[in-house]
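Asker: Fold the following and give me the result.
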Amino acid sequence: MGMTGDMHVLEGLLDYAVPAVSTLVLKIVYTVLIVLIGMKLISLIRKWSRNSLIRMHVDEGVGRFLSSCIGVALYGLLIFIAAGALGVNSASIIALLGSAGIAISLALQGSLSNFAGGVLLLLAKPFVVGDYIISQDGEGTVSSIGIIYTTLLTTDNRKIVLPNGALSNSPLINVTAQDKRLVIINVSIEYSADLKRAKETLRTCFSNNPMILAGEGDEAVNVFVDSLADSGVVLSARGYVKTEDYWTAKRALTEETKLALDAAGIGIPYPKLDVSLKQ
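Answerer: Numbers count the residues shown, from 1 in each chain. Model prediction:
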């Protein structure tokens, strides 16, 4: 009778356990299928969104940011659906996500500041990929604008990684924002030199340079006396060039100015000290 009782208990357990295990296995298989199909759909949606943004000529940095946001939102939705398929209470999921969000935000305050800065940079667009910028933390050509960091490449091929929070909250100069720049060459000549001849020499250097743009009014080549220094008269010669020609033009004009002044017999002074001896 004892054995018969045990058999009845075992049969009862099996009658309860087999359907429960079967239901759990089916839920797991169903959830796995949802995750696999969902990941494939998310991949297709992100690919379609990237192609759409490219066709709309959206800035590369903005495109990456929007693609990342779409991916995060879709994966969050997928986790929510998968948990529901396993039978997890949606209210519990929401409470758990809320608690996790608070904990993460407290632990990553600096990163969240950089994230907010990245959003501002991508939306306001004070610079884009390919611009040359100067900030208090470094300067270079923008190679990428991420959600947290912006990467610059210097002229000597060094990589500078700047946090977006600092970039969005500090002054910066976008050197390549305009299509042309003003080349300024300041040179000092001796007080005894022929001032008019010196000005004409500088004007000729600028006018004959093929990179200097022809213009009128404020955009024309201009040469004037900038200041009367202790050891000489400082002349300033100015002319506009295309932004991409700026450094080439500046280097060339600096050398051409020196050679032209030498050929014209106009000396460039250097500091002198007169010493008087009293008997």
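Asker: Leu74 against Ile45, yeah?
Answerer: Yes: using CB atoms under 8 Å, Leu74 is in contact with Ile45, at 6.5 Å. (C-beta placed from N, C-alpha, C; glycine too.)
Asker: Tell me which of those two has more neighbours.
Answerer: Neighbour totals were compared for Leu74 and Ile45, and Leu74 leads with 18 against 14 (other CB atoms under 10 Å).
Asker: Pull the contacting residues for the more buried one.
Answerer: Taking CB atoms under 8 Å, 6 or more residues apart in numbering, we find Leu74 in contact with Gly38, Leu41, Ile42, Ile45, Arg46.
Asker: Just list the residues touching the fourth one, thanks.
Answerer: Ile45 makes contact with Ile70, Leu74, according to CB under 8 Å, 6+ apart.
Asker: now it: how far from Leu277?
Answerer: 89 Å (CB to CB, to the nearest Å).
Asker: where do the helices sit along the stretch 151-279 of the chain?
Answerer: Remark: helices assigned in the stretch 151-279 of the chain by DSSP state H, counting those that start in this stretch are 164-168, 195-208, 246-263.
Asker: which regions of the stretch 1-150 of the chain sit below the pLDDT cut-off?
Answerer: 1-24, 57-62, 65, 88-112 (pLDDT under 70).
Asker: repeat that with 50
Answerer: 1-2 (pLDDT under 50).
Asker: Buried among the contacts of Leu74? Make that a PyMOL selection.
Answerer: Buried residues within those, by 16 or more other CB atoms under 10 Å, are selected in PyMOL with:
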select buried, resi 38+42+46
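Asker: And the contacts of Leu74, which is closest to Ala166?
Answerer: Checking the contacts of Leu74 against Ala166 with CB to CB, the nearest one is Arg46 at 29.8 Å.
Asker: For that closest one, which three-state class applies?
Answerer: helix (DSSP: H, G, I helix; E, B strand; the rest coil).
Asker: Would you check how far apart it and Lys258 are?
Answerer: Counting by CB to CB - Arg46 and Lys258 are separated by 57 Å.
Asker: swap in Ile145?
Answerer: Ile145 is 41 Å from Lys258, by CB to CB.
Asker: Run a quick neighbour tally on Met56.
Answerer: 8.
Asker: Over to Leu66?
Answerer: 17.
Asker: Surely it is in contact with Ser49?
Answerer: Yes: taking CB under 8 Å as the definition, Leu66 is a contact partner of Ser49 at 7.1 Å.
Asker: Tell me the buried residues in stretch 199-215?
Answerer: Applying 16+ other CB under 10 Å to stretch 199-215 flags Lys199, Thr201, Leu202, Cys205, Phe206, Asn209, Met211, Ile212 as buried.
Asker: Which residues are in contact with the fifth one?
Answerer: The neighbours of Phe206, taking CB under 8 Å, 6+ apart as the test, are Ile212, Val221, Val223, Ala237, Arg238, Gly239, Leu253.
Asker: again, only using 6 Å
Answerer: Residues near Phe206 by CB atoms under 6 Å, 6 or more residues apart in numbering: Ile212, Val221, Ala237, Gly239.
Asker: which one among the residues you listed gets closest to Gly265?
Answerer: So of these, ranked by how close each gets to Gly265 (CB to CB), first place is Ala237, at 18.3 Å.
Asker: if I look at that closest one, how far off is Gly217?
Answerer: 17 Å.
Asker: Next up, phi/psi of Lys125, please.
Answerer: phi 50, psi 60 (degrees, to the nearest 10).
Asker: ok, the residue nearest to Ser231 when sequence neighbours are not counted to Cys69 distance?
Answerer: Leaving aside its chain neighbours, Ser231 sits nearest to Pro269 (4.5 Å; criterion: CB to CB, 6 or more residues apart in numbering). Here the criterion is CB to CB. By it, Pro269 lies 61 Å from Cys69.
Asker: These two: which has the busier surroundings?
Answerer: Pro269 (16 against 13).
Asker: so the more buried one touches Glu190, yeah?
Answerer: Yes: contact criterion CB atoms under 6 Å: Pro269 and Glu190 qualify, at 4.8 Å.
Asker: between these two, what contacts are shared?
Answerer: Common neighbours of Pro269 and Glu190 (CB under 6 Å, 6+ apart) are Gly232.
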